[in-house]
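A.B. asks: One predicted model, sequence on top.
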Amino acid sequence: MTRASLDKQPHEVAAMFDDVAAKYDLTNDVISLGQARRWRKHVAAAVGGRPGEKVLDLAAGTGTSSIPFSADGAYVVPCDFSLGMLREGKKRHEWLPLTAGDATRLPFADEVFDAVTISYGLRNVQDTDAALREMLRVTKPGGRVVICEFSHPTWKPFRTVYTEYLMRALPTVARAVSSSPDAYVYLAESIPAWPDQPALAGRMRQAGWTDVAWRNLAGGIVALHRGRKAATSAG
């Protein structure tokens with residue numbers, strides 16, 4: 001079994017990412033047409049990690065997404081629930097404190113992190129709302145969240161072309177470079193099923209995040225959502 005179904009059973013999703021770990025970063029670069037690296041820079045700028053701050057990088061995979069936060073001087077904790085991804089990451093980045101954890105039941109105390117971020121991972125969590133609440137729980141009052149996720153192109157003609165790419169070309173491209181191409185069939189199916197930009201913003205607010213906003217990258221192929229935890233708790 002190399003791909004998960006859209007009901008996103010945790011054991012299926014973890015197994016799927018275990019299978020693609022070895023070539024995951026390379027495949028992402030290829031299927032994003034080289035844009036993945038540029039999007040990481042946008043995430044790092046939005047997080048704005050500073051020396052002395054603690055940043056939680058969820059769905060960090062091999063830890064590649066965590067490097068920019070460390071370069072900015074923050075103490076970054078990469079967290080993922082795929083042990084295969086974490087093992088691959090440990091080979092490449094021995095110094096990173098790679099941590100196994102489920103986004104819906106994070107293994108951290110309350111109000112530990114100045115910022116929490118997740119890139120291309122929230123879409124794979126079975127209970128999105130529980131993950132958003134957990135991210136809020138572990139964030140310090142006044143802290144911030146940055147969510148980078150595939151989304152919905154805003155220009156209708158381009159959206160049609162993009163959907164055709166996802167459903168037809170992407171699995172073919174993945175077959176040429178990935179160790180488990182069937183996993184990218186799941187990717188192609190999961191993106192159109194994901195909430196659009198306003199809907200995700202609404203779910204963030206419902207979870208308790210404030211000052212929620214987003215910006216589109218590449219015409220909405222990717223959306224960068226941001227929010228803050230209230231500086232003081234109500235009540």
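C.D. replies: Received the coordinates, thanks. What you are looking at is a predicted structure, and each value in this text was computed from that prediction instead of being measured.

A.B. asks: do you know how far the spatially most central residue of the chain is from residue 83?
C.D. replies: Among the residues of the chain, the one closest to the centroid is residue 119, at 2.1 Å (Cα atoms, centre = their mean). Here residue 119 is placed at a distance of 19 Å from residue 83 (Cβ to Cβ, to the nearest Å). C-beta: built from backbone N, CA, C; applies to glycine.

A.B. asks: Would you mind measuring from the residue nearest to the centre of the chain to residue 60?
C.D. replies: Applying Cβ to Cβ, one obtains 8 Å for the distance of residue 119 from residue 60.

A.B. asks: Touching, the residue nearest to the centre of the chain and residue 42? I think so.
C.D. replies: No: the criterion here is Cβ atoms under 8 Å, and residue 119 misses it with residue 42 at 10.0 Å.

A.B. asks: list residues touching both of these two?
C.D. replies: Common neighbours of residue 119 and residue 42, using Cβ atoms under 8 Å, 6 or more residues apart in numbering, are residue 148.

A.B. asks: Near the closest residue to residue 192 other than its chain neighbours, how many other residues are there?
C.D. replies: The shortest distance from residue 192 to any non-neighbouring residue, by Cβ to Cβ, 6 or more residues apart in numbering, is to residue 163 (6.3 Å). Residue 163: 15 surrounding residues under other Cβ atoms under 10 Å.

A.B. asks: What helix or strand is residue 163 located in?
C.D. replies: According to DSSP states H and E, residue 163 maps onto helix 156-164.
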